[in-house]
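A.B. asks: Structure here, sequence nowhere to be found:
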């Protein structure tokens, strides 16, 4: 028989079982803690949870039995013995403290320690709660180092840097800002940045500040700021919110670079250019008068006096050179006019301009006969043009006459509608010596950088390029026979076709309405960006109507608009310094919308 084990049912046995269960429960709870927990009795670790063992890279059972001084950094144990006492001594109202412990592999870690007196098996002991703060301290030190480095850069930067509140109140400035405006930092902090900008609401500075305080990012905008002595300093500014969270208004970083000396140099250059253009205008008028008198005298001599053949040849050559000089003067005057005050494009019939160009070119080169084949007829092709369009045609025809070696110069000029009727393509096809491939682009350039200029061909083709560009068109040259540049040229001009303004199905005169002002610093860059987007998407510029609110006949006042520029793209309205991404997104949305007639009364 198997005897049953007897059970001790005495009270003391029951109490011991209860204590044992309670102790096991407590141990289980302590093992679940994320922080390290240790009980130290007589300088010996008599209990350690798994978190403390992992912290020191020991196995849990290996920590118990170690003396606490073996776990403290030797240097800290030597120079800060009070930290060892905090682990083992009896002390009332203990404060938490920072210490460094040594792992099993010798690595040191930083810990925050809280201790308290504890009774362990009826004997005095200390319970310690230990948290590893090595990583957080490293991050804090890195942040402090980064902040110190940033502050050093901030203070030593040659750029004037202002930190602004969302309402524009100056919160901090660097030394360069003090130097720029002549104020000490303590006298600027607390003031609104607008206090240092002219009060004129139309000034570039006030326009820029409105955009900055709306949370917009600005780059490369030039305004004037007022120095403590009362004069204004030109600065190039950049500004952006210091938080990426666009929904929450944050501090604003505002930087300013002193460009006063550069602006003064630009003003001197501008004045010098104005004087040069004045002298050029006077000189060309006088030269033109001299040429007219010379031409009249030569024509008179030619008609009244029978000259020997060799003298007659010299007179004819002189007359041609005088006419050439007159033509260069006329081209120069046209270039100046197109640059400084280009005429407004208007409805233009090609035929009168083409006919005048043919007549003038034939008269200018009487030694050759011009034979033209063309389909350009009266009222056949209408473009957006102006008074200088004929000179573009003239210079291409004139070049054909000059460089074609034949006495009878054959020229084919044809026009046709292109780009689904939105443009007119005009081709001038000659039989001259052609233009080398490496000159096909530079042949239109006699202005700009010296390295990009073409030499030896006068200003004629440059005037062609400038004239067509002023009409939002394009001009280029190709080989008449593809791949054989010696067989003549094909000059191609593409001009916007004129069309009656028609209302869109929704009743508007254009899909995009751009309101601008001559005083608006953002209007021109935003307009150019929008034109670039339209070109990129293959959209005609005529879907956009530009309204200058400075024009009394526009019927729109700047006071009626929220800001300038105001761009209405279908049903979307954008204002101020609009980014390229915003414009592109709005144009894309416009293209995806169906254009429907608005309901009456809307």
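C.D. replies: That came through, no problem. Everything numeric here is computed off the predicted structure, so don't read it as measured data.
A.B. asks: measure residue 301 to residue 341 for me?
C.D. replies: 39 Å (Cβ to Cβ, to the nearest Å). C-beta coordinates here come from the backbone N, C-alpha and C atoms, glycine included.
A.B. asks: Name the residue in these two with the higher neighbour count.
C.D. replies: Neighbour tally, residue 301 and residue 341, criterion other Cβ atoms under 10 Å: the higher count belongs to residue 301, 14 against 7.
A.B. asks: which residue packs closest to the more buried one, ignoring adjacent ones?
C.D. replies: residue 315 (6.6 Å; Cβ to Cβ, 6 or more residues apart in numbering).
A.B. asks: which ones are touching the residue nearest to residue 74 when sequence neighbours are not counted?
C.D. replies: Nearest in space to residue 74, with sequence neighbours left out and distances taken as Cβ to Cβ, 6+ apart, is residue 102 at 7.4 Å. Listed by Cβ atoms under 8 Å, 6 or more residues apart in numbering, the contact set of residue 102 reads 56, 70-74, 108.
A.B. asks: Residue 102 and residue 342: what is the separation?
C.D. replies: Taking Cβ to Cβ, one finds residue 102 at 82 Å from residue 342.
A.B. asks: Below-threshold pLDDT in this protein: ranges please.
C.D. replies: 1-20, 22-23, 89-94, 244-249, 446-458, 500-507, 595-602 (pLDDT under 70).
A.B. asks: let's see it at 50
C.D. replies: In the predicted model, the chain carries pLDDT under 50 at residues 1-7, 448-456, 599-602.
A.B. asks: I'd like to know how far the spatially most central residue of it sits from residue 107.
C.D. replies: Nearest residue to the geometric centre of the chain (Cα atoms, centre = their mean): residue 219, 6.8 Å. In this view, residue 219 and residue 107 are 48 Å apart by Cβ to Cβ.
A.B. asks: next one: residue 545
C.D. replies: Residue 545 is 72 Å from residue 107, by Cβ to Cβ.
A.B. asks: Check the secondary structure at residue 219 for me.
C.D. replies: strand (DSSP: H, G, I helix; E, B strand; the rest coil).
A.B. asks: Touching, it and residue 238? I think so.
C.D. replies: Yes - under the criterion of Cβ atoms under 8 Å, residue 219 makes contact with residue 238 at 5.1 Å.
A.B. asks: ok so, going back, so which of the contacts of residue 102 sit within strands?
C.D. replies: Mapping the contacts of residue 102 onto strands (DSSP state E) picks out residue 108.
A.B. asks: Farthest pair within the contacts of residue 102?
C.D. replies: 56 and 74 (15.0 Å; Cβ to Cβ).
A.B. asks: So between the two, which is more surrounded?
C.D. replies: residue 56 (23 against 12).
A.B. asks: and the nearest residue to that one once chain neighbours are set aside, how many neighbours?
C.D. replies: If the residues on either side of it in the chain are set aside, residue 56 comes closest to residue 103, at 5.1 Å by Cβ to Cβ, 6+ apart. Look at residue 103: counted by other Cβ under 10 Å, it has 13 neighbours.
A.B. asks: Contact partners for residue 103?
C.D. replies: Residue 103 neighbours (Cβ under 8 Å, 6+ apart): 55-57, 109.
A.B. asks: Wait, a strand at residue 101?
C.D. replies: Yes - checked against three-state DSSP, residue 101 lies within a strand.
A.B. asks: Number of residues surrounding it?
C.D. replies: Residue 101: 22 neighbours (other Cβ under 10 Å).
A.B. asks: I'd assumed residue 301 was in contact with residue 318.
C.D. replies: No - at 10.2 Å, residue 318 does not count as touching residue 301 under the criterion of Cβ under 8 Å.
A.B. asks: Shouldn't residue 478 be within a strand?
C.D. replies: Yes - assessed by three-state DSSP, residue 478 belongs to a strand.
A.B. asks: And it, how close does it get to residue 531?
C.D. replies: 26 Å.
A.B. asks: tell me the helices in the stretch 251-400 of the chain, going along the chain?
C.D. replies: Remark: helices assigned in the stretch 251-400 of the chain by DSSP state H, counting those that start in this stretch are 260-304, 309-340, 350-364, 389-403.
A.B. asks: by contact count, what packs against the second one?
C.D. replies: Spelled out, it's helix 309-340. helix 260-304, helix 350-364, helix 389-403, helix 460-470 (3 or more Cβ pairs under 8 Å, 6 or more residues apart in numbering; DSSP states H and E).
A.B. asks: Highest mean neighbour count out of these?
C.D. replies: Counting by mean count of other Cβ atoms under 10 Å, helix 389-403 has the highest mean neighbour count of the helices and strands packed on helix 309-340, with a mean of 24.
A.B. asks: just the angle between that helix and helix 309-340, please?
C.D. replies: Helix 389-403 runs at 150 degrees relative to helix 309-340, counting by axes from the mean of the first three to the mean of the last three Cα atoms, to 10 degrees.
A.B. asks: Now do the helix or strand residue 61 falls within: distance to the chain's middle.
C.D. replies: Per DSSP states H and E: residue 61 is located in helix 60-63. In terms of Cα atoms, centre = their mean, to the nearest Å, the centre of helix 60-63 is set 62 Å apart from its chain centre.
A.B. asks: Just the buried residues of it, please?
C.D. replies: residue 63 (16 or more other Cβ atoms under 10 Å).
A.B. asks: likewise stretch 109-122?
C.D. replies: 109-113, 115.
A.B. asks: Report the contact partners of the residue nearest to the centre of the chain.
C.D. replies: Counting by Cβ under 8 Å, 6+ apart, residue 219 has contacts residue 238.
A.B. asks: distance of it from residue 172?
C.D. replies: 22 Å.
A.B. asks: and what of residue 222?
C.D. replies: Taken as Cβ to Cβ, the span from residue 222 to residue 172 is 24 Å.
A.B. asks: the more surrounded of those two?
C.D. replies: residue 222 (17 against 14).
A.B. asks: looking at this, that one is in a helix?
C.D. replies: No - Residue 222 is assigned strand when assessed by three-state DSSP, not a helix.
A.B. asks: residue boundaries of the helices in the stretch 1-150 of the chain?
C.D. replies: Using DSSP H, counting those that start in this stretch, helices in the stretch 1-150 of the chain cover 11-32, 50-55, 60-63, 68-71, 74-79, 81-88, 134-156.
A.B. asks: Which stretch among those helices is buried most, on average?
C.D. replies: Scoring the helices of the stretch 1-150 of the chain by mean count of other Cβ under 10 Å, the most buried comes out as helix 50-55, with a mean of 20.
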